[in-house]
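Novice: Need coordinates for the following:
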Amino acid sequence: MTQSADVQNPTEAPIPRAFAYHRLVDSPQGKDTRQQFEKLAKGQVELPDGIVRQFGVAMNTGDRLGDSYIDTAFSTREGKVRARKDVERALEKGIESVNDPSPELLALFEQINTDPEWLDWKTVEHGAEVFRRYGMELYPYFGMITFAGYATHTINRPLALTGAYTGNSAFHRFLETCRFWTDTTEPGALRPGGIGRRSAVLVRVLHSIIRHTLLPHTAWDRDELGVPISQHGMFQTLMASSHFPGQQLKLLGYRPSDDDIVAMMHHWRYVGYLMGFQPPWYPETATDGFRAQLLIMLGEEPDFGPDAQSLCRSFMDTFRPPEDARGLRRIMGNLRYRAQLGHARFYLGADLYKSCGLPDPGLWRYAPLARFLPNYARETARRRVPGAAGWIDQVHRAARQEFLRKHLDGGEAKFQPVDKLTR
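Specialist: Okay, the predicted model is just below:
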C-alpha cells in the first residue's frame, strides 16, 4: 500500500461525531464487511489507524481554496454577482483575462492550472475510455448505489435542506449529474479549455456555495456532521465513480482488468483534484480500492429515516411515466419503472433495498441478468476484434450525448445552486 503525498495535518480540525469507523471496525458488521472485501481482494484491506484518523478529519474539511474564494466574493454584493462569471471567464480565456481578479481567485486558478506530480495523462485518458465502456448503464447504477449514502446524515442533510433530489427537481438534478459524468469522461475533456475541466470547476464552485450557505444554518451541526460536501464525502464520490462500478458491474458481463480499474481511479482522482479534493491517502492499486471501500462502508452509521427514504423514492420516481402518459406510453413507462426497481434490488441486496422503503419489484429483481450475455459478448469483441473497441466507444459516446440532448434542456447543465433552502 502506498501513501499519497497530499497528506493534510491531522490537527487541522476535530473529527466529527458522525465518523464511525473506529466504532464499527470491530463490530460484527465491520468484521463481516472486512472479511468480504479481503476475500475479493485476496489480501488484507484494513488501513493504518493514522490514515483512518486523517479521513475522520477530512469529514470536517472542505475545499480550502474554493471556499476562501466564495466566502470572500460573497462578502459583497458586487463580488457575489461576478463570482461565477469570473470563474467562467478564467476557464474560457485564461485567468489573465479577468478584470482585477481577487487574490483568492488567483490562488484558486494557480492550483487548477498546476498539474500535480502524480498526474499521468495517458492513464487519465485510459480511465476515461474504461468509464465510457459502460455506456449509459452507469447512470442509473450510480443513482442507485448512492442510496446507502442517503442513509448518512452528512449526505442526506444537505440534499434535504437544498431540496436537490425531491419533488420536481429530482430528475433535472440527476440529468445535470449525467451531464457532469459525460463531460468529464470525453476524450481530452480534462485538458485546459476542455468541457470536462469546465464542468468540474463549475461544480467545485457550486459545492463551495453550498458550504457557504449551509454551514451557518441552524440545522447544520458541525460538531456532529463536519462540513457539507467534505473531503471525505468527495472521496466517496470518486470511489463510487471508479472502483465500485469497476468491481460490481462484472456481475453484468463487463470485463475490466485490474489495470483498467486503477486507470479509472486515477482519472477520477484528477477530476477530484480540479474540484478541490486533497486526500490524506488515495488508492493506487486494485487492492487499495478495497481498502478505500472498507473505509467508506464503515465511515458512518446508516440511518434510513424519513429523509433517506424520501431521497430514494424521489430518485426512483424519475423512472415513472409522466402524469399525462396514456395507453401504450403509460404501459411502457410502468414497465421501465418496475425494471429499474429490479435493478435497484439487484445492486443493493435485499436488506438495503428494504431499508430504502421501496416497493417489492418481484421477479424484476432478476432483470439485470438479461444484460449479462450482450455485455459479455460486446466486451469479448472489444478485446479480440480489431477496430471493435473504437466502434463501441463511438456508439456509447453518441448515445450519451443523444440522451442528454433529448432530456436536458438544451443538452447543457447550469450547475447552479437552488434559489432558497427548503427548510
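Novice: okay, residue 314: pLDDT?
Specialist: The predicted local distance difference test score for residue 314 is 83.
Novice: Return the distance of it relative to residue 185.
Specialist: Distance of residue 314 to residue 185, given as CB to CB, to the nearest Å: 26 Å. Yep, even glycine has a C-beta here, placed from its N, CA and C like the rest.
Novice: So for these two, which sits in the more crowded spot?
Specialist: Per other CB atoms under 10 Å, whichever of residue 314 and residue 185 has more neighbours is residue 185, with 26 against 22.
Novice: The more buried one: what's it in contact with?
Specialist: Residues in contact with residue 185, defined by CB atoms under 8 Å, 6 or more residues apart in numbering, are 128, 131, 132, 196, 267.
Novice: Just to check, the first one is in contact with residue 183?
Specialist: Spelled out, it's residue 128. No. Counting by CB atoms under 8 Å, residue 183 is not a contact partner of residue 128; they are 10.7 Å apart.
Novice: mind listing the helices for the stretch 101-250 of the chain?
Specialist: For the stretch 101-250 of the chain, the helices identified by DSSP state H, counting those that start in this stretch occupy 103-112, 121-133, 138-145, 147-150, 153-162, 169-184, 195-214, 222-225, 231-240, 243-248, in order along the chain.
Novice: Could you point out which of the ones you listed sits nearest residue 66?
Specialist: helix 195-214 (4.1 Å; CB to CB).
Novice: Could you list every helix and strand in contact with the closest one?
Specialist: Identification of packing neighbours for helix 195-214 by 3 or more CB pairs under 8 Å, 6 or more residues apart in numbering; DSSP states H and E yields helix 64-73, helix 77-93, helix 153-162, helix 169-184, helix 258-274.
Novice: Turn those into JSON lines, including mean pLDDT, distance to residue 297 and mean neighbour count.
Specialist: Compiled in JSON lines, the helices and strands packed on helix 195-214 are given as follows (pLDDT from 0 to 100; distance: least, CB to CB, whole Å; neighbours: other CB atoms under 10 Å):
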{"stretch": "helix 64-73", "mean pLDDT": "97", "distance to residue 297": "27", "mean neighbour count": "21"}
{"stretch": "helix 77-93", "mean pLDDT": "94", "distance to residue 297": "35", "mean neighbour count": "16"}
{"stretch": "helix 153-162", "mean pLDDT": "81", "distance to residue 297": "14", "mean neighbour count": "22"}
{"stretch": "helix 169-184", "mean pLDDT": "84", "distance to residue 297": "22", "mean neighbour count": "21"}
{"stretch": "helix 258-274", "mean pLDDT": "98", "distance to residue 297": "17", "mean neighbour count": "23"}
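Novice: Now render those helices as JSON lines, adding distance to residue 224.
Specialist: Compiled in JSON lines, the helices and strands packed on helix 195-214 are given as follows (distance: least, CB to CB, whole Å):
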{"stretch": "helix 64-73", "distance to residue 224": "20"}
{"stretch": "helix 77-93", "distance to residue 224": "29"}
{"stretch": "helix 153-162", "distance to residue 224": "7"}
{"stretch": "helix 169-184", "distance to residue 224": "25"}
{"stretch": "helix 258-274", "distance to residue 224": "25"}
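Novice: out of those helices, which comes closest to residue 139?
Specialist: Each of these has some distance to residue 139 by CB to CB; the shortest is helix 169-184, at 5.1 Å.
Novice: Quick one: find the helix or strand in the protein with the lowest mean pLDDT.
Specialist: helix 153-162 (a mean of 81; mean pLDDT, DSSP states H and E).
Novice: what's that helix packed up against?
Specialist: Using 3+ CB pairs under 8 Å, 6+ apart as the contact criterion, the neighbours of helix 153-162 among helices and strands are helix 147-150, helix 195-214, helix 222-225, helix 231-240, helix 306-317.
Novice: That helix vs helix 195-214, what angle?
Specialist: Between helix 153-162 and helix 195-214, the angle comes out at 80 degrees (axes from the mean of the first three to the mean of the last three CA atoms, to 10 degrees).
Novice: what inclination does helix 153-162 have with respect to helix 231-240?
Specialist: Computed by the same axes, to 10 degrees, the angle separating helix 153-162 from helix 231-240 equals 100 degrees.
Novice: now the angle from helix 153-162 to helix 169-184?
Specialist: Using the same axes, to 10 degrees: helix 153-162 against helix 169-184 is 120 degrees.
Novice: ok now helix 153-162, how far from the chain's centre?
Specialist: With CA atoms, centre = their mean, to the nearest Å as the basis, helix 153-162 stands 15 Å off its chain's centre.
Novice: again with stretch 89-104
Specialist: Worked out by CA atoms, centre = their mean, stretch 89-104 lies 28 Å from the chain centre.
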